[in-house]
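*Asks:* sharing a model prediction with you, sequence too.
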Amino acid sequence: MDFRLDGKVAVVTGASRGIGAAIARELARVGASVVVAARGQDALEEVAASLDGRGHAVPTDVSRLEDMDRLAAAAVGRFGGIDVLVNNAGMAPPAKQIYKVDADEWQQTMDVNVRAAWYLSKVCHPHLKQRGGGAVVNISSTSGLHHDIGLGVYSISKAALVMLTTVCAKEWARDKIRVNALAPGIIRTELAGPLIEYITSRDLKPNLMNVIGEPEDIARLVRFLVTDESRLITGDVIRIDAGELL
C-alpha cells in the first residue's frame, strides 16, 4: 500500500503538542511538507524543527479570522499550495451543566471548535481545488456522538463539527476534496490528563479494551485518511475509542 505524501503540503492546527504534534510528525515522516499552527510559538517552533526540514511554523490563534487567512497564505507562499488540512485545534471549557454556562464560554468554545474549522476549510478550499483535490480531516470527539453530564457545550461543538464534515463532504465532492472526521475517545494528552488521573486512581475501565489511546494512534489514522489509500472515503465519522461507545 502507498501511504506516501511526497510533494504534498499539509496544514495542521493545534500542532504545538499532543495529537496535533503527532499528526504533523506522522505526515512529515511519509514525505509531506507540513505547516504547523498554534498559539504557543516556542513549542510550535520545536515541533517544526523536528520535521526533518519539512516543517514551517506559523503562530496562529484560530479564534481570529485574520490569523487563519495569514496561515493559508503562508502555506501557499512557502510550499506552493495546500493538499491536506487537519482541523485539530480545540478547547474544552470547565465541566458544568448547561444552565451554568455563560455566554462568553459558549461563544469561545464555538469559535475555536466549530467556526475555526469552518473558516479555515473555506479559506483552504480554493487551494485544495487548484491542486486537483485533496483531503480535510476534522478532529471531533466521542463527546460529539454521546453526551456526558457536564460536557454540554463541548459536546454540542463537537457534534456541530461532525455536521460540518458531512456538509463539506457533500458540497466539495465535485472538486475531488474528501472530508472526514475522527471521533477519538480518551487519548493521553494534556487536556485529558485530569480525566485519566481520575480513571486510573479509581481503577476504572476507560473503554471495553481498557486502554488509554496515544496521540500516535490518531496520527496514523489521519495519515491513512489523507493518502490515496482512502480515496473512496468521504463524509465519514470514524470512532477511534477502543469500544468506548459500544
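*Replies:* Received it, and whenever you're ready, just let me know what you need.

*Asks:* which non-adjacent residue is nearest Y198?
*Replies:* In this structure, Y198 finds its nearest non-sequential neighbour in L204, 7.8 Å apart by CB to CB, 6 or more residues apart in numbering. For every residue, glycine as well, the C-beta is placed using N, CA and C.

*Asks:* phi and psi next, for that neighbour.
*Replies:* Main-chain dihedrals, L204, degrees, to the nearest 10: phi -90, psi 160.

*Asks:* cool, and Y119?
*Replies:* phi -70, psi -40.

*Asks:* quick check: buried residues in stretch 88-103?
*Replies:* Using 16 or more other CB atoms under 10 Å as the test for burial, stretch 88-103 gives N88, A89, G90, M91, A92, P93, V101.

*Asks:* contacting residues around it?
*Replies:* The contact list for stretch 88-103 (CB atoms under 8 Å, 6 or more residues apart in numbering) reads 12-15, 19-20, 23, 37-38, 62, 105, 108-109, 112-113, 116, 139, 149-154, 158, 191.

*Asks:* pLDDT below threshold where in this protein?
*Replies:* Residues of the chain meeting the criterion pLDDT under 70: 1-2.

*Asks:* now do the strands in it.
*Replies:* With DSSP state E, the ranges of strands along the chain come out as 9-13, 33-38, 55-59, 84-87, 134-139, 177-184, 237-240.

*Asks:* how about those strands in TSV, adding mean neighbour count and distance to M209?
*Replies:* What follows is these, written out as TSV (neighbours: other CB atoms under 10 Å; distance: least, CB to CB, whole Å):
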stretch	mean neighbour count	distance to M209
strand 9-13	29	27
strand 33-38	28	30
strand 55-59	21	33
strand 84-87	30	25
strand 134-139	27	21
strand 177-184	25	14
strand 237-240	17	11
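
*Asks:* in JSON lines: those, plus distance to A74.
*Replies:* Below are these laid out as JSON lines (distance: least, CB to CB, whole Å):
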{"stretch": "strand 9-13", "distance to A74": "9"}
{"stretch": "strand 33-38", "distance to A74": "7"}
{"stretch": "strand 55-59", "distance to A74": "5"}
{"stretch": "strand 84-87", "distance to A74": "13"}
{"stretch": "strand 134-139", "distance to A74": "17"}
{"stretch": "strand 177-184", "distance to A74": "20"}
{"stretch": "strand 237-240", "distance to A74": "29"}
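
*Asks:* excluding its backbone neighbours, what's nearest S157?
*Replies:* Once flanking residues are discounted, S157 sits nearest to N113: 3.8 Å by CB to CB, 6+ apart.

*Asks:* residues contacting that neighbour?
*Replies:* G90, M91, Y154, S157, K158, A160, L161.

*Asks:* ok, which pair from the residues you listed is furthest apart?
*Replies:* M91 and A160 (13.9 Å; CB to CB).

*Asks:* measure the spatially most central residue of the chain to P215 for me?
*Replies:* The centroid of the chain falls nearest to N88 when counting by CA atoms, centre = their mean (2.1 Å). Separation of N88 from P215 (CB to CB, to the nearest Å) stands at 10 Å.

*Asks:* hey, what's in contact with both of the two?
*Replies:* In contact with both N88 and P215: I19, I23, using CB under 8 Å, 6+ apart.

*Asks:* residue contacts, P184?
*Replies:* Counting by CB under 8 Å, 6+ apart, P184 has contacts I19, I139, S140, S141, T142, G213, I218, I240, D241.

*Asks:* what do you get for A10?
*Replies:* With CB under 8 Å, 6+ apart, A10 has these contacts: A24, L27, A32, S33, V34, V35, I82, D83, V84, L85, V86, V226.

*Asks:* swap in Y154?
*Replies:* For Y154, counting by CB under 8 Å, 6+ apart, the contacting residues are A92, P93, T109, N113, S141, S143.

*Asks:* so L27 makes contact with V84?
*Replies:* Yes - at 7.0 Å, L27 counts as touching V84 under the criterion of CB atoms under 8 Å.
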